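Peer 1: Following is a predicted model, sequence given first.
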Amino acid sequence: MKFKAEGWVFAMAALAIAGILFIPVAALKDPTAALEDFDPALLTRAMAWCLFVVGFWGFKSRFWPKDTQESRRWLSGPLLLVAQAVLVRGTGELLSRDLLSWTWLPLEPWIWTPWFLVTGLTGILLGRRFGLLTCLTGGLMIYLFADPGPWPLVGCVMAPLAGILLLRRSPTRGRVLRAGLGAGLTLGVVAAIHQGIAGEAVDGISAAVLVPVAIGLLSAFLSLAILPVLEWLLGELSDVTLVEYGTDHALLDRLRQEAPGTWHHSLNVADLAEKAAAEIGARALFCKTSALYHDIGKLAEPALFAENTDGPSPHDQMDPLTSAQRIIGHVTHGVELSRKYGLPRAFREIIVEHHGISTVRFFYAKACEPLPDGTPPTVDRSAFTYPGPSPSTRESGIIALADAVEAASRSLQAKTEPELRAFVRGLIADRISEGELAQCPLTLAELARVEAAFISWLKGRNHLRPAYPGRVAETVAIGESAVEGHSATQPA
Ligand SMILES: [Fe+2]
Ligand SMILES: [Fe+2]
């Protein structure tokens, strides 16, 4: 097995976590004294932890979705695990001291600990699956490091677990706050039971509920505050950020007003790409949001694009080469706009790659038409070709295919499933034969599922509705034919 860069990152993270958790503080101050006091059990625990991380890495390499491996996520995961180790070690240090000396509330340190902080950040940034894993690793770290007994262990696993479950698939700011509150309440319930069994008075039990709730909410606020910094540091886009980019942005407003045809095309591409991505376990929300921005470059000259014009085309006054160059220019202009408006780098990659290295076929074919004297013209195909690069991730590949399918389906006459299948299959086959997907990690099996998702979407769009009775009578009255009570133009 090749030991890739991510392997080294995981190995270094394992060492860092083992170091943070198991090197006694005394060893840092006085190495000689620490050697004498060395507890062999520490070494066993450290080795257990290293084995776990290596096993976790093996599991991740084998079963984790490919996009997680392809992006910088493989770096983010270990870094967050190290942050969790720091939190666990901090709690352990507090556990070993007399807290009554610094707080007026007689509560044990595990009740004060913001267990949702790292897990919540991981869940928001890397998804719920990674978040769930940090719940379990947190419990394991606590057990291996300090073995504080069942109550802290149950609390530190159950509280973030409840928070992660409350985050749901697409966390918004409201859901993050709700998740923090839920995590706090869960820890509060565990702590209250513990205090009750220990024979504490009502005051102590109330404090055991209120303190975790307040800390859970504070953790949620802190997560939201740290999130932009972490996104910037790790090059990640959280679902919270994606939801915001998908609902409100000046560029989307401009697209809606200045290029309504492109706006509707982008909405359709976003819907198609989301459906296909969900089908193969790729990042569906990222596909949906970034696809909204893939054609923002058309804002420079919306009238050049068929979807925004009704009357005569400006291309009627241009030669094919100029037309192609102006069309191709929407990619360059899209990149400029994305920089001007500060869009994430991942969106810029989608803008650059969505046409890959394809040719503007319509104008290339027009340029290749024989001259008036019947001789074939000399045409440089590269002048009609997008600069690329071609799609490099599964998400980028899906959006490029969705873009092609949506655009071509505008003039689609096919209605039956076999016709739609032939249409979609032909478009995907064209992209493969042109080498468009050569850099894209989509497998043939995944492409088959993407194809099925596209067909289902097209079927949904083309479905027929029964005509309203009044409308049928009206249609018959003006002499038009109503075919068996169905109308494809029936308003929704
Ligand atoms: Fe485009
Ligand atoms: Fe497009």
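Peer 2: Nice, I can see it. Ligands and ions are numbered 1, 2, ... in the order given.

Peer 1: Got phi/psi on the closest residue to ligand 2 within the stretch 251-400 of the chain?
Peer 2: Ligand 2 sits closest to residue 295 of the stretch 251-400 of the chain, with a gap of 4.3 Å, by C-beta to the ion. Placement of C-beta: from N, CA and C, glycine included. Phi and psi for residue 295, reported as degrees, to the nearest 10, are phi -110, psi 30.

Peer 1: How about residue 254?
Peer 2: Phi and psi for residue 254, reported as degrees, to the nearest 10, are phi -60, psi -40.

Peer 1: Now do the same contact list for it.
Peer 2: Listed by C-beta atoms under 8 Å, 6 or more residues apart in numbering, the contact set of residue 254 reads 296, 299.

Peer 1: Flag the shaky bits of this structure, pLDDT-wise.
Peer 2: For the chain, the stretches with pLDDT under 70 are 1-7, 24-39, 57, 59-75, 95-107, 169-170, 414, 463-492.

Peer 1: What segments of it are strands?
Peer 2: Secondary structure of the chain by DSSP state E: the strands cover 465-466, 486-487.

Peer 1: ok, back up a step: how about the residue of the stretch 251-400 of the chain closest to ligand 2: what's its closest non-neighbour residue?
Peer 2: Nearest non-adjacent residue to residue 295, counting by C-beta to C-beta, 6 or more residues apart in numbering: residue 262, 5.2 Å away.

Peer 1: what does the stretch 201-350 of the chain have sitting close to ligand 2?
Peer 2: Proximity of the stretch 201-350 of the chain to ligand 2 is confined to residue 295 under the rule C-beta under 5 Å from the ion.

Peer 1: quick check: longest helix of this structure.
Peer 2: Across the chain, the longest stretch assigned as helix under DSSP state H is helix 202-234.

Peer 1: what packs against it?
Peer 2: For helix 202-234, the elements it packs on are helix 73-95, helix 109-112, helix 116-126, helix 150-167, helix 173-197, helix 239-247, judged by 3 or more C-beta pairs under 8 Å, 6 or more residues apart in numbering; DSSP states H and E.

Peer 1: now with 6 Å?
Peer 2: In terms of contact count using 3 or more C-beta pairs under 6 Å, 6 or more residues apart in numbering; DSSP states H and E, helix 202-234 is assigned the packing partners helix 116-126, helix 173-197.

Peer 1: What residues sit buried inside it?
Peer 2: For helix 202-234, a neighbour-count test (16 or more other C-beta atoms under 10 Å) marks 204-205, 207-209, 211-213, 215-217, 219-220, 222-224, 226-227, 230-231, 234 as buried.

Peer 1: again, but for stretch 374-390
Peer 2: 379, 383, 384, 385, 386, 388, 390.

Peer 1: Please convert the residues you listed to TSV, extending it with distance to residue 439.
Peer 2: TSV is the format used below for those (distance: C-beta to C-beta, whole Å):
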residue	distance to residue 439
379	26
383	23
384	21
385	16
386	14
388	9
390	5
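
Peer 1: Let's see which of those residues end up in helices.
Peer 2: Per DSSP H, helices hold no members of those.

Peer 1: for those, which one is nearest residue 153?
Peer 2: Distance to residue 153 across those (C-beta to C-beta) is lowest for residue 390, with 50.0 Å.

Peer 1: Can you name the residues that contact the closest one?
Peer 2: For residue 390, the contact set (C-beta atoms under 6 Å, 6 or more residues apart in numbering) comprises 356, 357, 436, 439.

Peer 1: Please apply the same query to residue 397.
Peer 2: Each residue near residue 397 by C-beta under 6 Å, 6+ apart is listed here: 391, 437, 440, 442.

Peer 1: now the third one: how far from ligand 2?
Peer 2: So the one you mean is residue 440. Residue 440 sits 17 Å away from ligand 2, going by C-beta to the ion, to the nearest Å.

Peer 1: Look at that residue and say how many residues are nearby.
Peer 2: Close neighbours of residue 440, defined as other C-beta atoms under 10 Å, add up to 24.

Peer 1: Please give me every residue in contact with it.
Peer 2: Listed by C-beta under 6 Å, 6+ apart, the contact set of residue 440 reads 391, 397.

Peer 1: about what we covered before: and the residue nearest to residue 295, how many residues sit next to it?
Peer 2: Residue 262: 22 neighbours (other C-beta under 10 Å).

Peer 1: And for residue 343?
Peer 2: Neighbours of residue 343 (other C-beta under 10 Å): 21.

Peer 1: Residue 412 now?
Peer 2: 15.

Peer 1: And it, how far from residue 405?
Peer 2: To residue 405, residue 412 is 9 Å away according to C-beta to C-beta, to the nearest Å.

Peer 1: Walk me through the domains of the chain.
Peer 2: As assigned by automatic domain parsing, the chain contains the domains 5-239, 249-461.

Peer 1: Distance from the first one to the middle of the chain?
Peer 2: Using C-alpha atoms, centre = their mean, to the nearest Å, we find the averaged C-alpha position of domain 5-239 to lie 23 Å away from the chain's own average C-alpha position.

Peer 1: what about residue 257, neighbour count?
Peer 2: Neighbour count for residue 257, taken as other C-beta under 10 Å: 10.

Peer 1: State the distance from it to residue 421.
Peer 2: Separation of residue 257 from residue 421 (C-beta to C-beta): 37 Å.

Peer 1: just to revisit the earlier point, by neighbours, which of the contacts of residue 397 wins?
Peer 2: Busiest of those [other C-beta under 10 Å] is residue 391, holding 28 neighbours.

Peer 1: quick one: residue 302 from residue 46, how far?
Peer 2: Between residue 302 and residue 46 the distance is 62 Å, computed by C-beta to C-beta.

Peer 1: Check residue 406 too.
Peer 2: Relative to residue 46, residue 406 is positioned 54 Å away (C-beta to C-beta).

Peer 1: Then residue 420?
Peer 2: Between residue 420 and residue 46 the distance is 58 Å, computed by C-beta to C-beta.

Peer 1: For the stretch 101-250 of the chain, give the residue positioned nearest to ligand 2.
Peer 2: For the stretch 101-250 of the chain, C-beta to the ion, closest residue to ligand 2: residue 246, 16.7 Å.

Peer 1: need the helices and strands packed on helix 202-234 in JSON lines with distance to ligand 2 and mean neighbour count, can you?
Peer 2: Converted to JSON lines, those look like this (distance: least, C-beta to the ion, whole Å; neighbours: other C-beta atoms under 10 Å):
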{"stretch": "helix 116-126", "distance to ligand 2": "29", "mean neighbour count": "29"}
{"stretch": "helix 173-197", "distance to ligand 2": "30", "mean neighbour count": "22"}
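
Peer 1: out of those helices, which comes closest to residue 365?
Peer 2: Shortest distance between residue 365 and the helices and strands packed on helix 202-234, using C-beta to C-beta, is found for helix 116-126: 46.0 Å.

Peer 1: ok, residues contacting that closest one?
Peer 2: Here helix 116-126 makes contact (C-beta under 6 Å, 6+ apart) with 73, 76, 80, 83-84, 87, 130-131, 134-135, 160, 163-164, 167, 171, 180, 183, 216, 219, 223, 236, 238, 240.

Peer 1: Render the CA-only coordinates of it in PDB, please.
Peer 2: Only the C-alpha atoms of helix 116-126 are listed here, as PDB (Å, rounded to 0.1, in the frame of the first residue of the first chain):
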ATOM      1  CA  PHE A 116     -19.800  20.300  22.000                       C
ATOM      2  CA  LEU A 117     -17.100  22.800  20.900                       C
ATOM      3  CA  VAL A 118     -14.700  20.600  18.900                       C
ATOM      4  CA  THR A 119     -17.400  18.100  17.900                       C
ATOM      5  CA  GLY A 120     -19.800  20.800  16.700                       C
ATOM      6  CA  LEU A 121     -17.000  22.500  14.700                       C
ATOM      7  CA  THR A 122     -16.100  19.200  13.100                       C
ATOM      8  CA  GLY A 123     -19.700  18.400  12.300                       C
ATOM      9  CA  ILE A 124     -20.300  21.800  10.800                       C
ATOM     10  CA  LEU A 125     -17.100  21.900   8.800                       C
ATOM     11  CA  LEU A 126     -16.600  18.300   7.800                       C
END
